[in-house]
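K.L.:
pasting the structure only:
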């Protein structure tokens, strides 16, 4: 994701002290963040699910792309420098190269999740435990209904963004 760093213009560079919440689960901001330096942790509820140290890592993208509240909290583990795009939807429309990089990153995450779930399905098939329902989870991921999209002019702003 270091390629994202080449596109960090038009936003605001921010110094973030250790312990600062960058994104709050359930909150809405419409902002996209890029880690420049430091260490951030991603939390679902009270559980740390990931640590982010790679410069160019993008945060807040799912909320922006899906038009939903943030799905996790992001907290600085150390003093960090982030780059913030306040109007992320407009930024992504103006920078299709970044949108493609984010799409590739999300596709990689989905591939890892699918591979993991398929392995769980294989290991626990026929065991009758709660893990046996992994196949249903995989099927539901494939059959998610598309977001409702209404046609309109490029000059109209999308109310979901």
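P.N.:
Perfect, I can see it now. Note that the structure is predicted; figures quoted are calculated from it, not measured. Numbering: from 1, shown residues only.
K.L.:
poorly predicted segments of this protein, please.
P.N.:
Filtered on pLDDT under 70, the chain yields the residue ranges 1-2, 5, 7, 128-135, 137-161.
K.L.:
now do the helices in this protein.
P.N.:
Applying DSSP state H to the chain gives helices spanning 61-66, 88-94, 96-124, 134-142.
K.L.:
quick one: contacts for residue 84?
P.N.:
11-14, 31-34 (Cβ atoms under 8 Å, 6 or more residues apart in numbering). For the C-beta atoms, the positions are set from N, CA and C on the backbone; glycine is no exception.
K.L.:
between those residues, which has the most around it?
P.N.:
Among those, the one with the most neighbours (other Cβ atoms under 10 Å) is residue 32, at 25 neighbours.
K.L.:
excluding chain neighbours, what is closest to that one?
P.N.:
Using Cβ to Cβ, 6 or more residues apart in numbering and skipping the chain neighbours, the partner closest in space to residue 32 is residue 88 (3.6 Å).
K.L.:
give the bridge partners for residue 33, please.
P.N.:
Beta-bridge pairing for residue 33 (DSSP bridges): residue 59, residue 84.
K.L.:
just residue 43 next, same as before
P.N.:
Residues in a beta bridge with residue 43, per DSSP bridges, are residue 48, residue 73.
K.L.:
measure residue 124 to residue 117 for me?
P.N.:
To residue 117, residue 124 is 11 Å away according to Cβ to Cβ, to the nearest Å.
K.L.:
one more: residue 28?
P.N.:
29 Å.
K.L.:
neighbour count winner among those two?
P.N.:
Neighbour count, other Cβ under 10 Å: between residue 28 and residue 117, residue 117 has more, with 15 against 12.
K.L.:
what about the more buried one, distance to residue 136?
P.N.:
Taking Cβ to Cβ as the measure, residue 117 falls 10 Å from residue 136.
K.L.:
what does residue 4 give?
P.N.:
Residue 4 is 35 Å from residue 136, by Cβ to Cβ.
K.L.:
fine by me, thanks again.
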